[in-house]
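> All I have is the shape, not the residue letters:
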């Protein structure tokens, strides 16, 4: 197991068997792994967090990071590792509300009437909550990172061209089309 996999392994590997109350208690025990907020602040939103834990799972801070949007905006894109395989990620962008983020791939499928709903990630007191179920396939970490590299280098045109020439879905990507 790689270092980042060891760091992010947690009690949620068997998430179906844990009640929201048990998960919340575990978050409080290791609060510093999930957020920079204090336990007292989390307690103020306990009912909201318990409600989210029925359909979402919390992420430790090592399990996600901020990326750039296609318009080079910071803090409006979250890249989230899949809980059981760090080669796969989900890509979210900030929705209109302060605490809600939409899955990019689910939104694309929804726009083409291929799925009936979009998956949302929520952020409450600095804790990221991802949906337990998704309509879309996860993305390939390496391809997403190449896309992000182009954006960080200030080349959104090249990043956008990837969207039209490379399949970002995990297991479907062909690195032959990626210009490095």
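Noted; the coordinates are in hand. Quick caveat: nothing in here was measured; it's all calculated off a predicted structure.
> contacts for stretch 58-73?
With CB atoms under 8 Å, 6 or more residues apart in numbering as the test, stretch 58-73 has contacts from 4, 7-8, 10, 12, 23, 27, 33-35, 74-81, 83, 91, 93, 127-130, 144, 148, 151-152, 154, 156, 159-160, 163. All C-beta atoms are positioned from the backbone trio N, CA, C, and that covers glycine.
> Buried residues of it, list them for me.
58-61, 63-64, 67-70 (16 or more other CB atoms under 10 Å).
> tell me, what residue is most central in the chain?
residue 80 (2.8 Å; CA atoms, centre = their mean).
> returning to what we had before: show the buried residues in the contacts of stretch 58-73.
For the contacts of stretch 58-73, buried by 16+ other CB under 10 Å: 8, 10, 12, 23, 27, 33-35, 77-81, 83, 91, 93, 127-130, 144, 148, 151, 156, 159.
> out of the residues you listed, which are inside strands?
Among these, the residues falling in strands (DSSP state E) are 77-81, 91, 93, 127-130.
> what about the strands in this structure?
All strands of the chain, identified by DSSP E, fall at 56-59, 64-67, 77-82, 85-94, 100-103, 120-124, 127-131, 139-140.
> Redo those as a markdown table? Include mean pLDDT and distance to residue 47.
Converted to a markdown table, the strands of the chain look like this (pLDDT from 0 to 100; distance: least, CB to CB, whole Å):
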| stretch | mean pLDDT | distance to residue 47 |
| --- | --- | --- |
| strand 56-59 | 96 | 15 |
| strand 64-67 | 96 | 24 |
| strand 77-82 | 95 | 24 |
| strand 85-94 | 93 | 24 |
| strand 100-103 | 91 | 18 |
| strand 120-124 | 94 | 11 |
| strand 127-131 | 96 | 14 |
| strand 139-140 | 94 | 33 |
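> closest one to residue 114 among those strands?
Closest to residue 114 of these is strand 100-103 (CB to CB; 13.2 Å).
> excluding its backbone neighbours, what's nearest residue 90?
Once flanking residues are discounted, residue 90 sits nearest to residue 80: 4.7 Å by CB to CB, 6 or more residues apart in numbering.
> List the contacts of the one you found.
Taking CB under 8 Å, 6+ apart, one finds 59, 63-64, 89-92, 121, 128, 130 in contact with residue 80.
> Throw those residues into TSV and include distance to residue 113, thanks.
Output for those, formatted as TSV (distance: CB to CB, whole Å):
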residue	distance to residue 113
59	30
63	32
64	29
89	25
90	21
91	21
92	21
121	23
128	29
130	24
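> which one of the residues you listed is nearest residue 167?
Here the nearest of the contacts of residue 80 to residue 167, counting by CB to CB, is residue 91; it sits at 13.5 Å.
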